[in-house]
Each structure stands twice: as C-alpha cells, then as structure tokens.
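> sequence below, structure please.
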Amino acid sequence: MKGLLKNLGLVLIVIGAVILVACSFTGNVNNNTVLGTSAVLVVIGLISYIAINKRIAD
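Next up is the predicted model:
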C-alpha cells in the first residue's frame with residue numbers, strides 16, 4: 001500500500017498527460033473542459049507527489 005501511495009502523484013501526472021496526447025491526436029483541442037481537467041490532474045499530481053514523498057520515507 002505504501003508503494004502505491006508513493007506513486008499516486010506519478011499516476012495522476014501520467015493520466016493527465018495521456019488525456020492531453022489523446023486530445024492532440026483526435027484534434028479536440030478546443031474543448032476547454034477536457035484540457036482544463038487534464039491540466040488540473042497534472043498540477044494535483046505534481047503537488048501530491050512532492051507532498052507524499054516528503055512525508056513518507058523508506
């Protein structure tokens with residue numbers, strides 16, 4: 001469980017990046033809801049990765 005929690009931030013960043021790449025390939029770059037959601041996922045992933053890894057030490 002500890003290993004999954006340490007990688008939660010990375011998972012969120014990857015999900016956000018995959019959404020951005022999918023939007024780019026499909027040409028759906030004018031939908032602000034999808035782009036905003038993926039940007040929020042990336043930012044939350046970065047913040048959670050930093051915060052979680054500061055608190056959890058091996």
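> quick check: closest non-adjacent residue to L8.
S48 (6.0 Å; Cβ to Cβ, 6 or more residues apart in numbering). C-beta: built from backbone N, CA, C; applies to glycine.
> give the contact list for that neighbour.
By Cβ atoms under 8 Å, 6 or more residues apart in numbering, the residues touching S48 are L8, G9, L12.
> same thing with I44?
L12.
> where does it land in three-state SS?
helix (DSSP: H, G, I helix; E, B strand; the rest coil).
> pLDDT value on it, please?
With respect to pLDDT, I44 has a value of 95.
> quick one: it and G27, what's the gap?
26 Å (Cβ to Cβ, to the nearest Å).
> identify each buried residue in the one helix or strand A22 maps to, please.
In this assignment (DSSP states H and E), A22 forms part of helix 8-26. When burial is assessed from 16 or more other Cβ atoms under 10 Å, helix 8-26 yields the following buried residues: G9, L12, I13, G16, I19, L20, C23.
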